[in-house]
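Visitor: from the sequence below, what's the structure:
(one chain, ligands or ions: 1)
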Amino acid sequence: MTTDEWGNVKKRLLKTVGQNNFTTWIDPLALDASEDGVATINVPTTFFGNYVSRTFSDLILHEMKAFDSTLSRVNFTVANRDRKIAAARTAVESDPVPRAAPAPKPKMAQASDYAAPLERRFTFDTFVVGKPNELAHAAARRVAEGGPVTFNPLFLYGGVGLGKTHLMHAIAQELLQRRPDLNVLYLSAEQFMYRFVQALRDRKMMDFKQIFRSVDILMVDDVQFIAGKDSTQEEFFHTFNALVDQNKQIIISADRAPHEIKDLEERVKSRLQCGLVVDLHPTDYELRLGILQNKVETHRTSYPELELDDGILEFLAHRISNNVRVLEGALTRLFAFASLVGRKIDLDLTQDCLADVLRASERKITVEEIQTKVSAHYNIRISDMVGPKRLRSYARPRQVAMYLCKQLTSRSLPEIGRRFGGRDHTTVMHGVKRIEELRVSDGQIAEDLELLRRALEA
Ligand SMILES: Nc1ncnc2c1ncn2[C@@H]1O[C@H](COP(=O)(O)OP(=O)(O)OP(=O)(O)O)[C@@H](O)[C@H]1O
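Guide: Alright, predicted model coming up:
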């Protein structure tokens with residue numbers, strides 16, 4: 001069969017399989033030979049060949065027979081580039097004509113040229129593990145051990161600032177520490193697209209493909225970025241398949257699960273789901289507190305003179321429910337601010353300094369909700385809690401409720417006082433202080449507070 005005839009076969013196939021299938025599966029096929037009734041067609045990867053053979057081989061054979069009725073079979077083989085390159089080199093070497101010294105070769109791009117830098121502080125040591133991220137962390141650890149590939153790809157997803165990039169960098173750094181010879185390529189999906197477009201523009205697609213297909217570990221961050229970008233998705237798909245074929249580990253992150261990424265082709269979604277998909281859940285109070293305790297150590301070394309009141313980290317962990325990035329930013333700002341004004345870090349300074357952050361992440365728990373929950377918990381009437389009675393059985397729940405209002409809402413002390421029967425702000429302040437002390441010394445109060453907080457935040 002001639003090249004022209006093969007071109008015509010492809011044209012006919014385009015009509016039958018449609019443009020999308022054609023671009024993905026038929027166009028990359030190259031006729032290698034057709035002899036003795038067998039047509040040999042080159043495919044880019046084994047996975048690709050298997051798929052085309054399963055799905056399109058009858059159709060391809062049928063169309064080819066229209067030009068060569070002797071054909072009875074089609075074989076798909078992965079093109080052996082190395083063999084061809086070797087053959088070309090031998091031809092040059094045996095060339096008897098003396099040649100001028102070869103021009104210096106243009107520098108070939110390497111995987112390391114494409115890799116994004118790794119953040120040194122994003123390691124497993126600095127990653128705080130809690131219930132919301134323990135599975136993702138365990139999976140990341142397993143991959144970082146570099147043993148046989150058990151799940152491919154590892155797909156990590158979760159909301160903004162929950163530690164996906166941190167885990168990816170930790171995996172890469174751990175792998176490189178264990179096996180410095182490994183060719184680890186970490187980059188964002190945006191950089192992947194940029195490199196791809198650049199390769200197309202500079203007609204360097206062969207280099208591009210060769211680089212991506214030669215890595216040992218490919219890590220692509222924020223893959224949702226390629227949604228809706230058809231040619232990038234297509235190239236990503238082929239890169240992905242080629243690496244899976246070679247049993248090379250792939251690690252992907254995104255802001256949502258594969259099936260929830262809009263404008264991502266079905267075939268890409270399904271490939272992304274075929275390994276292990278794990279999510280990083282939104283942080284809970286304990287994890288936030290753990291992260292803050294961890295980070296505070298670094299700040300303490302930078303500002304050894306600063307005093308930090310008890311309860312501040314708990315306050316921040318309660319009140320800032322956003323992503324960890326916001327939490328970290330708040331702590332950094334707090335230490336810098338306290339150092340500038342030369343004050344210790346107490347609740348007042350914290351509320352002053354972080355007013356905007358606290359407002360933005362307010363959980364909209366109302367004073368009324370707190371009063372209702374607290375009075376139900378202590379089995380008293382709301383009217384008694386906000387009324388004038390000073391009996392301990394009313395006064396203590398009242399102080400607990402005031403404390404929770406201070407912790408969980410952005411109401412000021414005078415506002416809280418007004419909601420508690422028009423009490424003065426100094427009374428509220430006294431109540432809040434008393435509960436802060438009891439929280440440390442009285443196990444029952446600590447337990448009550450924890451139960452109430454959970455009920456209010458649920
Ligand atoms: N469990 C954790 N322990 C310690 N630090 C964490 C943890 N989770 C997140 N962080 C920190 O929070 C910040 C944001 O994390 P990261 O950049 O990994 O988030 P992301 O999930 O990739 O977010 P995005 O969706 O914006 O890309 C980083 O400084 C990271 O170190």
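
Visitor: who are the contact partners of V9?
Guide: If you count contacts by C-beta atoms under 8 Å, 6 or more residues apart in numbering, V9 has them with 1, 60, 63-64, 66-67. Where you see a C-beta, it was placed from the backbone N, CA and C, and this is true even at glycine.

Visitor: kindly recompute the last result at 10 Å.
Guide: V9 makes contacts with 1, 26, 29, 31, 39, 60-68, as judged by C-beta atoms under 10 Å, 6 or more residues apart in numbering.

Visitor: quick check: it vs E415, distance?
Guide: 79 Å (C-beta to C-beta, to the nearest Å).

Visitor: how about the closest residue to the ligand within the chain, phi and psi?
Guide: Here the chain gets closest to the ligand at one residue, G163, 2.8 Å apart by C-beta to the nearest ligand atom. Main-chain dihedrals, G163, degrees, to the nearest 10: phi 110, psi 20.

Visitor: would a markdown table of the contacts of V9 with distance to the ligand, neighbour count and secondary structure be doable?
Guide: Compiled in a markdown table, those are given as follows (distance: C-beta to the nearest ligand atom, whole Å; neighbours: other C-beta atoms under 10 Å; DSSP: H, G, I helix; E, B strand; the rest coil):
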| residue | distance to the ligand | neighbour count | secondary structure |
| --- | --- | --- | --- |
| M1 | 51 | 17 | coil |
| I26 | 37 | 19 | helix |
| L29 | 38 | 22 | coil |
| L31 | 45 | 19 | strand |
| A39 | 48 | 23 | strand |
| I60 | 43 | 25 | helix |
| L61 | 48 | 15 | helix |
| H62 | 49 | 15 | helix |
| E63 | 47 | 18 | helix |
| M64 | 49 | 23 | helix |
| K65 | 53 | 14 | helix |
| A66 | 53 | 12 | coil |
| F67 | 53 | 16 | coil |
| D68 | 54 | 14 | coil |
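
Visitor: farthest-apart pair in those residues, please.
Guide: Comparing all pairs in those by C-beta to C-beta, the longest separation belongs to I26 and D68, at 17.9 Å.

Visitor: now the strands: where do they sit in this structure?
Guide: In the chain, the segments counted as strands under DSSP state E are 30-35, 38-43, 73-78, 154-158, 184-188, 217-221, 249-254, 276-280.

Visitor: mean pLDDT added to those strands, as CSV?
Guide: Shown next, in CSV, are these (pLDDT from 0 to 100):
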stretch, mean pLDDT
strand 30-35, 87
strand 38-43, 89
strand 73-78, 86
strand 154-158, 95
strand 184-188, 93
strand 217-221, 95
strand 249-254, 96
strand 276-280, 94
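
Visitor: R203 is nearest to which of these?
Guide: The closest of these to R203 is strand 30-35. By C-beta to C-beta, the value is 18.4 Å.

Visitor: parallel or antiparallel, list what pairs with the closest one.
Guide: Strand 30-35 sits in its sheet next to strand 38-43 (antiparallel), going by DSSP bridges.

Visitor: which residues sit against the partner strand?
Guide: Strand 38-43 is contacted from outside by 1, 6, 9, 25, 28-34, 49-53, 57, 60-61, 64-65, 68, 70-81, using C-beta under 10 Å, 6+ apart.

Visitor: buried only: go through those for me.
Guide: Among these, the ones that count as buried by 16 or more other C-beta atoms under 10 Å are 1, 6, 9, 25, 29, 31, 34, 49, 51-53, 57, 60, 64, 71, 74, 76.

Visitor: below-threshold pLDDT in this protein: ranges please.
Guide: Within the chain, the stretches with pLDDT under 70 are 20, 47, 80-110, 322, 362-363, 458.

Visitor: what does it have sitting close to the ligand?
Guide: Residues of the chain lying near the ligand by C-beta under 6 Å from any ligand atom: 122, 126-128, 133, 158, 160-166, 222, 255, 291, 324-325, 328.

Visitor: drop anything exposed from the residues you listed.
Guide: 122, 127-128, 133, 158, 161-166, 222, 255, 291, 324.

Visitor: out of those, which is nearest to L280?
Guide: Each of those was scored against L280 by C-beta to C-beta, and G158 proved nearest at 3.2 Å.

Visitor: pretty sure I312 sits against I345.
Guide: Yes. At 5.7 Å, I312 and I345 qualify as touching, with contact defined as C-beta atoms under 10 Å.

Visitor: more neighbours: which of these two?
Guide: Using other C-beta atoms under 10 Å as the criterion, I312 and I345 rank with I345 on top: 23 against 19.

Visitor: name all residues that make contact with the more buried one.
Guide: Contacts for I345 were tallied using C-beta under 10 Å, 6+ apart; they are 296, 299, 303, 306-309, 312-313, 331, 334-335, 337-339, 353.

Visitor: beta partners for it?
Guide: Bridge pairing for I345 - DSSP bridges - gives L308.

Visitor: with I251 instead?
Guide: Beta-bridge partners of I251, as defined by DSSP bridges: L154, M219.

Visitor: how many neighbours does it have?
Guide: Around I251 there are 26 other residues, counting by other C-beta under 10 Å.

Visitor: so which residues of the stretch 351-458 of the chain form helices?
Guide: Using DSSP state H, counting those that start in this stretch, the helices of the stretch 351-458 of the chain run over residues 355-360, 367-377, 382-386, 392-408, 413-419, 425-441, 443-457.

Visitor: ranking those by burial, who's on top?
Guide: Comparing these by mean neighbour count (mean count of other C-beta atoms under 10 Å), helix 392-408 ranks first with a mean of 21.

Visitor: now render the strands of the chain as CSV, adding distance to V367.
Guide: Below are the strands of the chain laid out as CSV (distance: least, C-beta to C-beta, whole Å):
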stretch, distance to V367
strand 30-35, 73
strand 38-43, 68
strand 73-78, 69
strand 154-158, 33
strand 184-188, 44
strand 217-221, 43
strand 249-254, 40
strand 276-280, 33
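
Visitor: residue contacts, A446?
Guide: Contacts for A446 were tallied using C-beta under 10 Å, 6+ apart; they are 435, 438-440.

Visitor: to clarify, my last question referred to V428.
Guide: Contact analysis of V428 by C-beta under 10 Å, 6+ apart lists 398-399, 402-403, 405-406, 411-420.

Visitor: on that earlier part again, pretty sure the residue of the chain closest to the ligand contacts Y157?
Guide: No. With contact defined as C-beta under 10 Å, G163 does not count as touching Y157 (11.4 Å).

Visitor: overlap in contacts, these two.
Guide: Shared contacts of G163 and Y157, defined by C-beta under 10 Å, 6+ apart, comprise 136, 253, 280.
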